[in-house]
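A.B. asks: Okay, sequence plus prediction incoming.
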Amino acid sequence: MRWIDISMPLFEQMPCFPGDPEFSLRPVHSLARGDAYSVSAVALGSHAGTHVDPPNHFLPDGASIDRVDPDILNGPCRVLEVAGADSEIGPEVIDQIPAGTTRVLFRTRNSERWSRRLEFFPDYVSVGPAAADAIVARGIRLVGVDSLSVERDLTGRFPVHHRLLGHGTLIIEGLLLAGAPAGEYRLHALPLRLKGGDGGPARVYLTDV
């Protein structure tokens with residue numbers, strides 16, 4: 001079976017969304033220093049790297065990351081190539097998704113940029129509000145994006161997050177999809193079990209159907 005790792009490695013000075021905590025890894029015990037074993041202290045935000053957005057990320061009464069349904073995060077999915085989108089995915093892209101699809105990962109020009117250098121760039125391709133409405137109308141339960149946020153919202157209202165999470169659609173952000181051509185796969189996503197967590201860093205793989 002071919003396993004395609006589509007999750008971002010965690011490392012110091014890795015890209016993070018503006019305002020989020022930065023990742024750090026500090027050795028506490030080290031074999032190289034003559035200690036009997038190696039142990040490090042890790043500090044990271046709940047939305048570091050590749051991560052899952054649970055409902056309580058934006059909804060006060062929403063489920064936390066340790067209460068999301070793993071069936072939504074694991075199973076058949078489609079990687080959809082989004083060609084020509086310079087800033088925002090519109091509803092016409094959602095029309096390309098085959099009927100019956102419940103999990104979709106959007107592969108945009110973000111993936112190619114990240115394949116050259118892992119850094120944050122503010123002009124990433126995102127999902128627009130009209131596309132979010134179309135996603136909900138189609139009954140899609142999970143959306144994955146190759147950016148650190150599913151939307152670029154300058155108003156501070158975050159309509160895409162509210163529409164998706166408010167209708168039970170989970171979000172995976174920070175995917176590296178350059179090595180995953182468009183097509184059908186099986187998704188394997190396991191976020192950290194943070195009790196009451198508003199997000200969960202995750203290791204995410206694709207396998208062939």
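C.D. replies: The structure has been received and is ready for your questions.

A.B. asks: so how far is whichever strand or helix holds residue 165 off the chain centroid?
C.D. replies: Element membership of residue 165 [criterion: DSSP states H and E] is helix 159-166. For helix 159-166, the separation from the chain centroid amounts to 15 Å (computed by C-alpha atoms, centre = their mean, to the nearest Å).

A.B. asks: those helices in this structure, which residues are they?
C.D. replies: 70-73, 91-94, 109-116, 129-137, 159-166 (DSSP state H).

A.B. asks: OK, contacts around the most centrally placed residue in the chain?
C.D. replies: Nearest to the geometric centre of the chain sits residue 173, at 1.8 Å (C-alpha atoms, centre = their mean). By C-beta atoms under 8 Å, 6 or more residues apart in numbering, the contact set of residue 173 is 47, 50, 51, 53, 144, 145, 147, 148, 149, 150. Any C-beta I mention is one placed from the backbone N, CA and C, and that applies to glycine too.

A.B. asks: Redo the residues you listed as TSV? Include pLDDT.
C.D. replies: Conversion of these to TSV gives the following (pLDDT from 0 to 100):
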residue	pLDDT
47	98
50	98
51	98
53	98
144	98
145	98
147	98
148	98
149	98
150	98
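
A.B. asks: Name the pair among those with the greatest separation in space.
C.D. replies: For the contacts of residue 173, the farthest-apart pair by C-beta to C-beta is 47 and 144; their separation is 14.2 Å.

A.B. asks: Counting neighbours, go ahead and name the busier of these two.
C.D. replies: Neighbour totals were compared for residue 47 and residue 144, and residue 144 leads with 27 against 23 (other C-beta atoms under 10 Å).

A.B. asks: residues touching the residue of the chain positioned farthest from its centre, list them.
C.D. replies: Relative to the mean C-alpha coordinate of the chain, counting by C-alpha atoms, centre = their mean, the farthest residue is residue 34 (39.0 Å). Going by C-beta under 8 Å, 6+ apart, residue 34 touches no other residue.

A.B. asks: How confident was the prediction at it?
C.D. replies: For residue 34, the pLDDT comes out at 98.

A.B. asks: Look up how far residue 25 lies from it.
C.D. replies: Here the criterion is C-beta to C-beta, to the nearest Å. By it, residue 34 lies 20 Å from residue 25.

A.B. asks: again with residue 83
C.D. replies: 37 Å.

A.B. asks: And residue 180, by the same measure?
C.D. replies: 27 Å.
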